[in-house]
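Peer 1: Make a model of this:
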Amino acid sequence: MVVEVAEIRSYRLSEEGNQVTIMMKDGTVHNNLIFLDEGPMEFLESLHKYVSFKKTSSDESLYVLTDKRTTALDQALSGLDLVDMAAANNTDRVWRTLSDFQKDPYTTGLSIFSKITDKILFSPGEKEFRPEEEMAELLQGESVGASLDISQSVHNEQEENTDWQLVTNKSRSCVMSSVQACERDAPLCQLDWELHIDSEGMVQEVPQLLQKIFKGGIEENIRSEVWKYLLGYFHWHHPVEVRETNRKARVEEYFRMKLQWQSMSEEQQNRFAAFQERKTQIEKDIGRTDRSHPYYVGNNNPNVALLQDILMTYVMYNFDLGYVQGMSDLLSPILFVMKNEVDAFWCFVGFMDQVGSNFELDQGGMKRQLDDMTEIMKFVDPVFYNYLEAKESGNLFFCFRWMLIWFKREFNYSDTLTLWEVLWTKKPCKNFHLLVCAALLDTEKSAIVENKYGFTEILKHVNDMSHRIDLQKTLAKAEGIFETLKVDNTVSDRVVHILGLAPPKPTSHSHEEVHNENGDLPRPVQTRTHLDNTHTREQHVTESSCASSSSVDNSSSVEVLSEMDEEQKIENSLNPFL
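Peer 2: As a prediction, the model looks like this:
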């Protein structure tokens, strides 16, 4: 690997301290550099001869590189002593404040001048700085004027109005700062699975079973059997005899539909333009779907032929939708798990029932999901969302690939299987995949913000996240976001609807009272609970969700054709990364 030192923007050290990930100014993320024995210190010392670097305040493992002349200027500005410069991240505050002058010189100037007066910085008689946290909040706001409340007049000792006004920060705290990752459990094992099946073959205690799958996934040896239930091919409360009867009927129906397209003559196909177009697209896509995976590798692989047969039969099953690029990526893992053509087809039908709107020609389903994701981000991390919006990324188009094929390209094959079965449980709420997106964005937030990435760099950085994501940590954080929102009484009605949260209700300790920060009237403690999936879940269209291919190489069949009603610049910028 060869890189220009001048093009390096930052690097990240692994928790073990033996791996370095280099990130470039254009958003490129290079493969991890693994060091043995004494670790990467010699490498970093050599790098330090050419550039300066500093640890970021938001992520202790992320180091941002700066020119030595910039560092010298930082030190000179620090000597002005406008604010407490003891903390390592205060140079960032100075530069961000200077940047704010370009956006809003009037408001920023008044804010800074107020901070260097005795009335704001010092108490009478002695020099006392405001708490560092409060200074950081006031200086780092993306929109200073929008987050300051100057409506309160200051009174003197005689309770007379003065010419001063009290400046306070009225911005809402970030929900993500209070999120605690939840613990994950071991996957569902064969013994535990068998304990849920009674003597007639019916599955018992389904809610508890789904919770176990959500918390840990499914062991490989029982995955094909359990997936049939999760995808609606089998029904939980059907005995063995009913399941076998239904399966025989499904086998007959499948081969009847398969015969329909196989028996069409070439002349018929030539007069059936829509059919011919879909057949051509399928043949093109299966040639580049998961071809590096052992199950599909090699020329004349019979499993690749099965992919084509199943997709062609699905065209006959659902001709209104037919085939759209990306569907082959959803079928491939299912066929790998089922190892059976008919079972794979009907499980694929169940999957498409959930995510079919992802492939609508007008992309209405994807637009709705991006809108819903925007609402969630505005609530859980408004500061980060403001940054994205300032960088022309507020539409979250860089999440498009995640949502389209359910993160398939972001994880390796094994992790993709686990993630899908977790999402199929539909726990702990509707549209949990959107919280997975929020968790991924929170993980990469420091890299995006500290590197000052813009629209193109964000797209490239997100694209390069593929195969670098820890699935279990991501799921733990996503569940933590849900748990935080569940007890937050300030959640907007839109977010409540998107996730299917119940209205807040008093707890069993409703007599317990708490006082607000002003010590005013007490109010009862309230919590928010989740609406029961089986009774009150609404069929929200964004439930049809997203994904992105994983163990597939970059020649996967996902070539997203974005026809969003936005500027042509955005469309042209998206195409190289998808």
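
Peer 1: mind listing the helices for the stretch 301-450 of the chain?
Peer 2: Taking DSSP state H, counting those that start in this stretch as the test, the helices found in the stretch 301-450 of the chain are 302-317, 327-338, 341-355, 364-380, 382-390, 400-404, 413-424, 432-450.

Peer 1: Quick check: which of the ones you listed is buried the most?
Peer 2: helix 400-404 (a mean of 27; mean count of other C-beta atoms under 10 Å). C-beta: built from backbone N, CA, C; applies to glycine.

Peer 1: and it, what other elements does it pack with?
Peer 2: Packed against helix 400-404 by the contact rule (3 or more C-beta pairs under 8 Å, 6 or more residues apart in numbering; DSSP states H and E) you find helix 364-380, helix 432-450, strand 547.

Peer 1: can you tell which of the ones you listed is closest to Arg291?
Peer 2: strand 547 (18.6 Å; C-beta to C-beta).

Peer 1: mean confidence score for the closest one?
Peer 2: Computed over strand 547, the mean pLDDT rounds to 38.

Peer 1: What distance do you get for Thr425 to Asp362?
Peer 2: For Thr425, the distance to Asp362 equals 30 Å [C-beta to C-beta, to the nearest Å].

Peer 1: Pull the contacting residues for Leu417.
Peer 2: Gly217, Arg223, Pro333, Val337 (C-beta atoms under 8 Å, 6 or more residues apart in numbering).

Peer 1: quick one on the thing from earlier: between Thr425 and Asp362, which one's more packed in?
Peer 2: Thr425 (19 against 9; other C-beta atoms under 10 Å).

Peer 1: pLDDT at the more buried one, what is it?
Peer 2: The score at Thr425 is 96. That number is its pLDDT.

Peer 1: Name the SS class of Met176, please.
Peer 2: helix (DSSP: H, G, I helix; E, B strand; the rest coil).

Peer 1: how many neighbours does it have?
Peer 2: 21.

Peer 1: For it, give its distance to Gln276.
Peer 2: 50 Å.

Peer 1: could the helices of the stretch 301-450 of the chain be laid out in a markdown table, adding distance to Val2?
Peer 2: A markdown table is the format used below for the helices of the stretch 301-450 of the chain (distance: least, C-beta to C-beta, whole Å):
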| stretch | distance to Val2 |
| --- | --- |
| helix 302-317 | 37 |
| helix 327-338 | 33 |
| helix 341-355 | 41 |
| helix 364-380 | 37 |
| helix 382-390 | 32 |
| helix 400-404 | 28 |
| helix 413-424 | 31 |
| helix 432-450 | 22 |
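
Peer 1: Compare the ones you listed and give me the one nearest Leu471.
Peer 2: Nearest of the helices of the stretch 301-450 of the chain (C-beta to C-beta): helix 413-424, 4.3 Å.

Peer 1: could you give the angle of that closest one to helix 327-338?
Peer 2: For helix 413-424 against helix 327-338, the angle by axes from the mean of the first three to the mean of the last three C-alpha atoms, to 10 degrees is 100 degrees.

Peer 1: start the count at 27, not 1, going forward
Peer 2: Understood, numbering begins at 27; the last thing we discussed is helix 439-450.
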